[in-house]
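Trainee: please work out how this folds:
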Amino acid sequence: MSGLNYPPPDFSSAPTVPSIMGPFTSARVSEPQRTVSSAPSSLLPPLVVDLDDTLLKTDLLLESFFSLLRRAPGAALAVPFWLLKGRAHLKREIASRVRLDVALLPYRTALLEQLRVERGKGRSIVLATASDELLAQQVADHLQLFDGVLASDGSTNLSGERKRERLESQFGERGFDYAGDGSIDLAVWSSARKAIVANPNPRLLRAVGKVAAVETVFEDSRPRFAEYVKTLRPQQWLKNLLVLVPVLAAHRFNEPALLIKSFLVFAAFCCYASCGYVFNDLLDLSADRRHPRKRLRPFASGRLPLSYGLVMIPALLVLGCVLAAFGSRLVVGILLVYLTLTLTYSLYIKTVALLDCLVLAGLYTLRIMAGSTAVGIWLSPWLLAFSMFLFVSLAFVKRYDELVVMRGIDGDHAKARGYEMSDAELLASKGTASGYAAALVLALYISSSAAKALYRRPEFMWFLVPLLLYWVGHMWLVAHRGKMIDDPLVFALRDQTSRIVLVLMLGTALLAT
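Mentor: Numbers count the residues shown, from 1 in each chain. The predicted structure follows:
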């Protein structure tokens with residue numbers, strides 16, 4: 001809406017409202033302290049609340065941008081041209097093309113509870129935000145707390161001085177209390193009667209205290225270093241150890257120069273894999289918030305700002321490219337192919353049934369190819385065929401497990417990515433068949449001249465076949481029971497049965513060497 005159609009209230013005759021908060025330096029609390037007032041809430045000035053990073057622990061412009069990117073990736077090309085016409089125009093163009101699931105957004109619950117208390121007492125509450133009014137109105141309609149909404153309208157970006165002028169014209173100077181979160185809100189606080197501050201740093205709190213009386217501070221616990229690292233998914237870096245497979249398979253692990261190159265490529269893949277995970281998390285905010293485990297991820301839960309992801313993506317890309325260059329230019333090329341496939345997968349392929357599993361398997365195999373290229377050891381067709389069949393099986397395990405998890409939430413009508421609950425049997429049959437095909441390739445390899453040339457006692461290698469068959473069956477049994485709580489490879493490294501099988505397989509290979 002364009003504004004609130006009632007004149008600024010005159011509070012010159014209203015009784016003075018005492019506060020128990022005292023000086024702003026004593027107002028730092030993790031839970032809000034109530035203001036004790038002898039006046040009815042209806043006589044208090046309106047309580048004006050900012051939205052981004054205040055009532056919400058996220059930014060609606062970034063939320064809507066990633067939602068748009070998820071729905072229509074090509075629209076991202078138009079963003080610079082929209083921005084040339086101003087931030088308000090950019091916000092309107094994006095907001096008109098998306099609809100966020102506002103019920104799942106991370107709200108600041110302590111502030112929200114205080115608003116409900118004030119609303120219950122009859123106090124007027126107004127939402128004033130720099131976000132576009134199309135999105136702000138969606139939030140207001142969901143919460144049913146606000147008497148009015150003031151927001152950017154496509155031509156005016158309602159932030160800073162513009163917001164202050166709008167509120168002054170609506171309520172008069174010192175005719176409102178204001179809840180905000182950042183330095184850009186200092187202009188608004190300078191005209192407010194009292195200030196409510198969301199999650200400030202000490203410097204901001206001192207600045208607010210110089211322009212307004214601080215009534216309440218809503219302070220979240222600061223994100224720990226581990227939460228920043230968590231967005232990079234370091235547990236998934238274990239999969240990048242696949243770059244060492246060519247050196248190990250060729251029995252040249254006693255050559256330090258090759259190992260150094262392999263570990264540099266490993267580090268490069270860690271950077272690019274983390275870049276892909278961060279990008280994927282930003283695209284999947286809404287879907288993650290529906291998931292019982294993924295909703296706790298730092299971005300989805302609002303623990304970390306989305307801007308952190310925007311900074312990390314280019315930083316990881318540059319660092320990964322530098323590390324890959326120590327391998328060879330061809331390794332850089334493979335890494336760029338990996339990145340392209342990862343981004344394409346995140347934007348489109350992961351919702352295409354069956355194709356998504358083939359691409360996931362291809363991403364695993366690309367790691368082996370990059371390791372092979374870095375050390376100059378060409379891969380045998382046996383290893384390529386074995387890895388594709390095995391990783392296709394693991395990709396199907398991943399999708400099957402997601403269906404099992406979502407069935408616990410949505411019942412028999414559950415969906416995950418491009419799959420429906422009725423597809424579960426198909427996924428299981430294809431996945432187990434692919435795993436057993438990998439065992440067949442291994443058996444054929446053991447009988448080949450290539451194995452006899454590389455191993456002194458290749459007959460011991462036959463013990464690998466039943467071990468692999470058992471492990472594939474074990475993984476599918478765990479997934480069928482809904483107990484696989486992570487990526488299949490990461491789960492395997494944490495699963496006791498899988499670790500025992502891995503040790504037995506390594507011991508068998510050493511006996512055959």
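
Trainee: how about the strands in the stretch 151-300 of the chain?
Mentor: If DSSP state E, counting those that start in this stretch is used as the criterion, the strands of the stretch 151-300 of the chain fall at 177-180, 194-198, 213-218.

Trainee: typed the wrong thing, it's the chain
Mentor: For the chain, strands defined by DSSP state E occupy the ranges 28-29, 47-49, 125-132, 148-152, 177-180, 194-198, 213-218, 415-416, 419-420.

Trainee: returning to what we had before: in TSV: the strands of the stretch 151-300 of the chain, plus distance to Ala250, mean pLDDT and mean neighbour count.
Mentor: C-betas here are computed from N, CA, C, even on glycine. As requested, those are exported to TSV (distance: least, Cβ to Cβ, whole Å; pLDDT from 0 to 100; neighbours: other Cβ atoms under 10 Å):
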stretch	distance to Ala250	mean pLDDT	mean neighbour count
strand 177-180	62	96	28
strand 194-198	58	96	26
strand 213-218	59	94	23
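
Trainee: any chance of those strands in a markdown table, plus distance to Tyr419?
Mentor: Shown next, in a markdown table, are these (distance: least, Cβ to Cβ, whole Å):
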| stretch | distance to Tyr419 |
| --- | --- |
| strand 177-180 | 43 |
| strand 194-198 | 40 |
| strand 213-218 | 41 |
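
Trainee: for Asp281, which of those strands is the nearest?
Mentor: strand 194-198 (23.5 Å; Cβ to Cβ).

Trainee: name the residues that touch stretch 172-183?
Mentor: 8-11, 44-50, 52-55, 111, 126, 128, 167-168, 170, 185, 188-189, 191-200, 204, 207, 212, 215 (Cβ atoms under 8 Å, 6 or more residues apart in numbering).

Trainee: 7 Å - rerun?
Mentor: With contact meaning Cβ atoms under 7 Å, 6 or more residues apart in numbering, stretch 172-183 is reached by 8-9, 11, 45-50, 53-54, 111, 167, 188-189, 191-199, 204, 207, 215.

Trainee: could you turn the buried ones of the residues you listed into a PyMOL selection?
Mentor: Selection of buried members from the contacts of stretch 172-183 for PyMOL, criterion 16 or more other Cβ atoms under 10 Å:
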select buried, resi 8+9+11+45+46+47+48+49+50+53+54+111+167+188+189+191+192+193+194+195+196+197+198+199+204+215
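
Trainee: for the longest helix anywhere in the chain, list every residue counted as buried.
Mentor: Longest helix in the chain, counting residues (DSSP state H): helix 381-410. Counting neighbours by 16+ other Cβ under 10 Å, one finds that the buried residues in helix 381-410 are 382-383, 385-407.

Trainee: how about stretch 224-244?
Mentor: For stretch 224-244, by 16+ other Cβ under 10 Å, it's Lys230, Thr231, Leu232, Arg233, Gln236, Trp237, Lys239, Asn240, Leu241, Leu242, Val243, Leu244.

Trainee: again, but for stretch 439-459
Mentor: Going by neighbour count (16+ other Cβ under 10 Å), the buried part of stretch 439-459 is Ala439, Val441, Leu442, Ala443, Tyr445, Ile446, Ala451, Leu454, Tyr455, Pro458.

Trainee: save those as JSON lines, and put in distance to Leu341 and pLDDT too.
Mentor: As requested, the buried residues of stretch 439-459 are exported to JSON lines (distance: Cβ to Cβ, whole Å; pLDDT from 0 to 100):
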{"residue": "Ala439", "distance to Leu341": "27", "pLDDT": "97"}
{"residue": "Val441", "distance to Leu341": "23", "pLDDT": "96"}
{"residue": "Leu442", "distance to Leu341": "26", "pLDDT": "95"}
{"residue": "Ala443", "distance to Leu341": "30", "pLDDT": "95"}
{"residue": "Tyr445", "distance to Leu341": "27", "pLDDT": "94"}
{"residue": "Ile446", "distance to Leu341": "32", "pLDDT": "93"}
{"residue": "Ala451", "distance to Leu341": "31", "pLDDT": "89"}
{"residue": "Leu454", "distance to Leu341": "31", "pLDDT": "87"}
{"residue": "Tyr455", "distance to Leu341": "34", "pLDDT": "89"}
{"residue": "Pro458", "distance to Leu341": "35", "pLDDT": "87"}
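
Trainee: can I get those in a markdown table with distance to Ala151?
Mentor: Formatted as a markdown table, these follow (distance: Cβ to Cβ, whole Å):
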| residue | distance to Ala151 |
| --- | --- |
| Ala439 | 60 |
| Val441 | 60 |
| Leu442 | 62 |
| Ala443 | 66 |
| Tyr445 | 64 |
| Ile446 | 68 |
| Ala451 | 69 |
| Leu454 | 68 |
| Tyr455 | 70 |
| Pro458 | 72 |
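
Trainee: go through these and name the one nearest Ala75.
Mentor: Distances from Ala75 to the buried residues of stretch 439-459, taken by Cβ to Cβ, are shortest for Val441, at 43.6 Å.

Trainee: ok, now how distant is the closest one from His291?
Mentor: The gap separating Val441 from His291 is 35 Å, by Cβ to Cβ, to the nearest Å.

Trainee: returning to what we had before: who does the longest helix of the chain touch, helix- and strand-wise?
Mentor: helix 355-375, strand 415-416, helix 424-446, helix 464-480, helix 488-494 (3 or more Cβ pairs under 7 Å, 6 or more residues apart in numbering; DSSP states H and E).

Trainee: tilt between it and helix 464-480?
Mentor: Orientation of helix 381-410 against helix 464-480 (axes from the mean of the first three to the mean of the last three Cα atoms, to 10 degrees) gives an angle of 20 degrees.

Trainee: relative to helix 355-375, how tilted is helix 381-410?
Mentor: 140 degrees.

Trainee: quick check: angle from helix 381-410 to helix 424-446?
Mentor: The directions of helix 381-410 and helix 424-446 differ by 160 degrees, with the same axes, to 10 degrees as the criterion.

Trainee: centre of the chain to helix 381-410, how far?
Mentor: Distance of helix 381-410 from the chain centroid (Cα atoms, centre = their mean, to the nearest Å) equals 22 Å.

Trainee: what's near enough to touch the nearest residue to Leu384 once chain neighbours are set aside?
Mentor: Nearest residue to Leu384 in three dimensions, chain neighbours excluded: Thr365, at 6.7 Å (Cβ to Cβ, 6 or more residues apart in numbering). Residues in contact with Thr365 (Cβ under 7 Å, 6+ apart) are Leu384, Ser387, Met388, Phe391.
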